[in-house]
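[1] pasted the sequence and its predicted model underneath.
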Amino acid sequence: MISPLRGMKDLTFDESQRFEYIIETASTIARRYGYGYIETPILEETALFKRSVGESSDIVGKEMYQFIDKGENDVCMRPEGTAGVVRAFISAKLDRQPNKQKFYYYGPMFRYEKPQKGRLREFHQFGCESFGEASVYEDFTIISMMAQIFDALGIKYELIINSLGCSECMPPYRENLVNFLTDIQKELCEDCNRRIVTNPIRVLDCKNGKCQSHLNLSPKLIDNLCEGCDDDFKELTRMLETAGIAYRIDTNLVRGLDYYNKSAFEFVSSEIGAQSSIAGGGRYDKLVEFLDGKPTPAVGFALGIERIMELVKMPEEQPEGYYMGAMTPEAIPTILTLATRKRLTDKVTIEYTSKGFKSHMKGVDKANPKYAVLIGEDELANGTVWVKDIETKEERVVKVEEL
Ligand code: HAM
């Protein structure tokens, strides 16, 4: 028997219902905020991710599903959605248009990580990317949209925010940080030591407890933001407070992808174990330019569908449509024809075997319809059907064509 690959999963019926419900809920809300659907390829040139997510990130450095295809191209299964959407935005020359553009997407992402609860090698994201809006109010709007999606799904969360500054305040801070880290180098783990050289900001979110105890005293970017970044961050917190969206500032929230600047945010849940991040995002004002597009400010997020499937409260199933059955084999063609007609507008569960009344009623219990429709010998002879309204228990006999 052939099993799925490690870290990859089939979605069986109960799970796929949750999956669809999350996508439908998030898409509906995204459309209300002016986002339109975009679909980009799963396979892209490896260079796209190296240049956007960053060579020093774990995602690119350790976790890419990368290979040389039959045409000798260096390609990669996308580890995340933003890079592809930005590439598509530039490919379609949308960066040359004056209007703002907003896209939502969902689909599989691939990271060759060590599988564990909540961490898969093939997982799914729902994401939104907004291009052309530099105002911090767009950051707020995106965060409030995320909060609305989680509220609609019945999920409790904690919102964590930080500012990663800009090209004015980040470089002097980074230098400051490297000096601090070099002084405590001996106390830090191997990964941190490597990152002091490759990506010092990532040292801040090391999960090693000993490292963290030394990092408590590190200089904080939030205390060293330039005036523009500081004003924007304060405005973001003020807006969140006005909107009643609770947040916590975590100066160590740096995100695992290199393209961010200014606002960075993460939604976490305490109910799903160690892999607690259910959504993440932030501003990435330089990425379009960096991938050879026209300078375009941008901000976006993605949520992890599998992690959210663990938490979502599904609405109770309401009775729907019809259950149809025959009590004599001769009535089956009539039932099938009737079902095809009703399926133009309604859900119909149909039983192909002719059975007795009691047997059909067991089927009705399972199908949870609004109406049970049966045809026995008498109904067949008279061109009628027996209909029962399950909620009111009212029974009637009507002409087939009147149903
Ligand atoms: P990310 O934080 O890497 O951000 O991923 C977003 C979400 O995907 C995470 O919060 C988590 O729920 C889910 N996720 C990540 N890795 C795994 C995994 N191995 N197994 C299961 N779920 C996972 C991004 O990908 C950015 N592109 C978000 C973004 C969009 N920023 C701006 N625009």
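    Done, it's in. Residues are numbered from 1 along each chain as shown.
[2] when you work out contacts or count neighbours from here on, use the C-alpha atoms and nothing else.
    Fine.
[3] doesn't residue 162 fall inside a helix?
    No - counting by DSSP: H, G, I helix; E, B strand; the rest coil, residue 162 is not part of a helix but strand.
[4] what's the closest non-adjacent residue to it?
    Across the structure, with CA to CA, 6 or more residues apart in numbering as the measure, the residue nearest residue 162 apart from its sequence neighbours is residue 264 (5.3 Å).
[5] the one you found looks like it's in a strand, true?
    Yes - membership of residue 264 in a strand is supported by three-state DSSP.
[6] bridge partners for it, pull those for me.
    When assigned by DSSP bridges, residue 264 has beta-bridge partners residue 162, residue 282.
[7] run a quick neighbour tally on it.
    Using other CA atoms under 10 Å, residue 264 is surrounded by 25 other residues.
[8] secondary structure class for residue 312?
    coil.
[9] in the helix or strand containing residue 29, what counts as buried?
    Assigned by DSSP states H and E, residue 29 belongs to helix 13-32. For helix 13-32, the neighbour count (16 or more other CA atoms under 10 Å) marks 18-19, 21-23, 26-27, 29-30 as buried.
[10] one more: stretch 371-381?
    For stretch 371-381, burial by neighbour count (16+ other CA under 10 Å) applies to 371-376, 379-380.
[11] the ligand next: which of those are close?
    Residues of those in contact with the ligand (CA under 6 Å from any ligand atom): none.
[12] save those as a markdown table, and put in distance to residue 356 too.
    Below are the buried residues of stretch 371-381 laid out as a markdown table (distance: CA to CA, whole Å):
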| residue | distance to residue 356 |
| --- | --- |
| 371 | 17 |
| 372 | 14 |
| 373 | 13 |
| 374 | 10 |
| 375 | 11 |
| 376 | 9 |
| 379 | 14 |
| 380 | 15 |
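[13] helices - which of the residues you listed land there?
    Secondary structure from DSSP state H places 379-380 of the buried residues of stretch 371-381 in helices.
[14] export the buried residues of stretch 371-381 to a markdown table and append columns for distance to residue 87 and pLDDT.
    Formatted as a markdown table, the buried residues of stretch 371-381 follow (distance: CA to CA, whole Å; pLDDT from 0 to 100):
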| residue | distance to residue 87 | pLDDT |
| --- | --- | --- |
| 371 | 51 | 98 |
| 372 | 53 | 98 |
| 373 | 54 | 98 |
| 374 | 57 | 97 |
| 375 | 59 | 97 |
| 376 | 62 | 96 |
| 379 | 63 | 95 |
| 380 | 62 | 95 |
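[15] returning to what we had before: if we only consider the buried residues of helix 13-32, which is nearest to residue 320?
    Nearest to residue 320 among the buried residues of helix 13-32: residue 21, at 16.9 Å, using CA to CA.
[16] grab the most central residue of this protein for me.
    Closest to where the C-alpha atoms of the chain average out (CA atoms, centre = their mean) is residue 126, at 2.7 Å.
[17] that one is in contact with residue 308, isn't it?
    No - with contact defined as CA atoms under 8 Å, residue 126 does not reach residue 308; the gap is 10.6 Å.
[18] assign a three-state SS to residue 76, would you?
    Three-state call for residue 76 (three-state DSSP): strand.
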